[in-house]
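Trainee: model this:
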Amino acid sequence: MDQIAQRHSARSLKEYVDLIQRHRQRGGHFGFENTYKQLAIAFRTGDRFLSIVKPDHTAWLMREDIIAQAVSGSRLVQTQVPHAPTADQATLEHAEQAFVYDASQIASIIKRVMWMEARTEALIKRADLDTFRFSYEMTNKLGPERTTGLLASRIGLPVPGGQIAELHTKLPGTKGREFAERFRAEHPTLISKVGKRRAPLLAMIEKQKEKYL
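Mentor: Residues are numbered from 1 along each chain as shown. Down below sits the predicted model:
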């Protein structure tokens, strides 16, 4: 972000946002994705983010299975290999071999994800945002064409025609599933507490699934 700001001669965060919205827009539209952690680092508070960026539309993609999400995060921390289309097969296979079970790391990631979820939800309610909620699991069932069409129509953009290429693929191997099952079996009390705290968020996702699936 500092390099981009320097390149565009931005002297403040607001000036940087104004510049980037003009230079990076396509067809009169500008969009981006971030996590609440990234938002907090750049803008300090959600309210300051909204006052500077002034988004017309917001969407929130979350993972229903937070245990699988945390295991995936643990793998990324350990191997530094993301779900990226640029990673070759040999790199992916080496990452699978290097990935080890780390319950404390998984628990820490769950805590961090729930921290971001709570603050995202609080910001949505406080600012009365009409945020479109959907989940990773929903996109898997909808497929790339229906997901893209749904998001486009939701934010008032033309629905793209033709087939949409899905560049990201599932990582190879079975460790992720095995580690998630092991964590659930070893930490039933934590799993129960997490489920109860996330129940209101997941209930909203269920309503979306009833509507769109």
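
Trainee: ok, then the element right after the lowest-mean-pLDDT helix or strand in the chain?
Mentor: Across the helices and strands of the chain, mean pLDDT, DSSP states H and E gives its lowest value to helix 2-7, namely a mean of 67. Later in the chain than helix 2-7, the nearest helix or strand by DSSP states H and E is helix 13-23.

Trainee: Any buried residues in that following helix, and which?
Mentor: Residues of helix 13-23 classed as buried by neighbour count (16 or more other C-beta atoms under 10 Å): 13, 16, 17, 19, 20. (C-beta placed from N, C-alpha, C; glycine too.)

Trainee: Going by contacts, tell me the helices and strands next to the next helix-or-strand element following it.
Mentor: Counting by DSSP H and E, the element after helix 13-23 in chain order, helix or strand, is helix 36-43. Contacts defined by 3 or more C-beta pairs under 8 Å, 6 or more residues apart in numbering; DSSP states H and E place helix 36-43 against helix 46-53, helix 103-127.

Trainee: okay, the angle between the first one and helix 103-127?
Mentor: Read it as helix 46-53. Inter-element angle recorded for helix 46-53 and helix 103-127: 60 degrees (by axes from the mean of the first three to the mean of the last three C-alpha atoms, to 10 degrees).

Trainee: Show the average pLDDT along helix 46-53.
Mentor: Averaged over helix 46-53, pLDDT sits at 96.

Trainee: just for the protein, where's the confidence low?
Mentor: For the chain, applying pLDDT under 70 flags the ranges 1-5, 8, 83-87, 167-172.

Trainee: rewinding a little: using a markdown table, lay out the helices and strands packed on helix 36-43 together with distance to residue 133 and mean neighbour count.
Mentor: Shown next, in a markdown table, are the helices and strands packed on helix 36-43 (distance: least, C-beta to C-beta, whole Å; neighbours: other C-beta atoms under 10 Å):
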| stretch | distance to residue 133 | mean neighbour count |
| --- | --- | --- |
| helix 46-53 | 16 | 17 |
| helix 103-127 | 9 | 16 |
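
Trainee: In a markdown table, list those along with distance to residue 162.
Mentor: Putting those into a markdown table (distance: least, C-beta to C-beta, whole Å) gives the following:
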| stretch | distance to residue 162 |
| --- | --- |
| helix 46-53 | 31 |
| helix 103-127 | 33 |
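
Trainee: closest one to residue 34 among the ones you listed?
Mentor: Closest approach to residue 34 among these (C-beta to C-beta): helix 46-53, 8.9 Å.

Trainee: Which strands or helices does the closest one pack on?
Mentor: Using 3+ C-beta pairs under 8 Å, 6+ apart, the elements in contact with helix 46-53 are helix 13-23, helix 36-43, helix 103-127.

Trainee: Now do the buried residues in whichever helix or strand comes after that helix.
Mentor: Following helix 46-53 in sequence order, the next helix or strand is strand 59-62 (DSSP H and E). Residues 60, 62 are the ones in strand 59-62 that count as buried (16+ other C-beta under 10 Å).

Trainee: Next secondary structure element downstream of strand 59-62?
Mentor: Once strand 59-62 ends, the next helix or strand along the chain (criterion: DSSP H and E) is helix 66-79.
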